[in-house]
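Visitor: Have a look; sequence and predicted model below, questions after that.
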Amino acid sequence: MDIILASKSPFRAMLLKNAGVAFTTQSAGIDERAVEAPLYNSGATPEDVALVLAEAKALDVSERNPSALVIGSDQTLSLGDEVLHKAGDMEAARRQLLKLSGEIHHLNSAVVLAKGGETIWRHVSVARMTLRDLDPGFIGRYLSRVGDIALQSVGAYQFEGEGVQLFEKVDGDYFTIVGLPLLPLLAELRREGAIDG
């Protein structure tokens with residue numbers, strides 16, 4: 001069975017590749033902000049938003065590849081009731097890290113499997129992330145060192161890289177933090193007969 005990852009994230013692709021899963025990638029053609037906009041007035045939780053986005057990606061690619069098993073995944077960052085998005089520039093990244101400094105936020109990572117244009121499985125994992133109190137000067141130096149990679153994730157950090165230095169405490173697994181709940185996904189791929197198990 002062909003497996004397609006409906007994502008352009010190099011981090012998600014790396015997790016699947018390292019796990020020994022044979023797959024191809026194909027980007028979904030959806031407007032994420034347009035998909036999530038109506039959710040915020042409907043009482044949807046940040047976990048719901050991540051799930052809807054992951055499902056939209058999976059279904060978009062599945063409709064173009066009906067015989068393949070398609071993995072859609074998305075992640076939201078919630079600080080209280082507020083959902084934060086990727087920073088558009090380095091100044092926005094600096095402001096976002098100042099906002100998260102000394103606070104607890106949640107990374108809500110959703111994964112969906114679709115086949116034949118239909119959703120066959122959904123899952124959300126949540127990681128509770130505590131940033132240490134960050135000195136504004138340190139934030140500037142950190143962003144200068146990591147560069148534009150800070151703009152590739154919702155928190156302006158890559159936990160799998162130098163971003164780990166920003167944290168005081170983490171409750172949750174590494175895969176959820178990186179953006180793909182891998183263990184539940186692998187279990188479902190085995191149940192589907194898509195990987196050996």
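Guide: On my side now, so go ahead.
Visitor: Which positions in the longest strand anywhere in the chain come out as buried?
Guide: Longest strand of the chain, by residue count under DSSP state E: strand 118-131. By neighbour count on 16 or more other C-beta atoms under 10 Å, the buried set for strand 118-131 is 119, 121-127, 129, 131. All C-beta atoms are positioned from the backbone trio N, CA, C, and that covers glycine.
Visitor: Then stretch 165-184?
Guide: 166, 170, 172, 175-182, 184.
Visitor: Need the buried residues of strand 118-131 in CSV (columns: pLDDT and distance to Y142).
Guide: Below are those laid out as CSV (pLDDT from 0 to 100; distance: C-beta to C-beta, whole Å):
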residue, pLDDT, distance to Y142
T119, 98, 39
W121, 98, 38
R122, 98, 35
H123, 98, 32
V124, 98, 29
S125, 97, 27
V126, 97, 25
A127, 97, 20
M129, 97, 16
L131, 97, 12
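Visitor: Show the subsequent helix or strand relative to the longest strand of the chain.
Guide: Next in sequence after strand 118-131, counting helices and strands by DSSP states H and E, comes helix 136-146.
Visitor: and that following helix, which residues are buried?
Guide: 139, 142-143, 146.
Visitor: swap in stretch 61-69?
Guide: Buried residues in stretch 61-69 (16+ other C-beta under 10 Å): 61-62, 65, 68-69.
Visitor: With respect to L77, which of those is nearest?
Guide: Distance to L77 across the buried residues of stretch 61-69 (C-beta to C-beta) is lowest for V61, with 23.9 Å.
Visitor: does the closest one sit in a helix, a strand or a coil?
Guide: helix (DSSP: H, G, I helix; E, B strand; the rest coil).
Visitor: I'd say it and S73 touch.
Guide: No: V61 lies out of contact with S73 (C-beta atoms under 8 Å); the separation is 11.5 Å.
Visitor: Quickly list what's touching both of those two.
Guide: With contacts taken as C-beta atoms under 8 Å, 6 or more residues apart in numbering, V61 and S73 have A6 as neighbours in common.
Visitor: ok, which stretches of this structure are helices?
Guide: Assigned helices in the chain, in chain order: 10-18, 32-36, 46-64, 90-100, 136-146, 174-178, 182-191 (criterion: DSSP state H).
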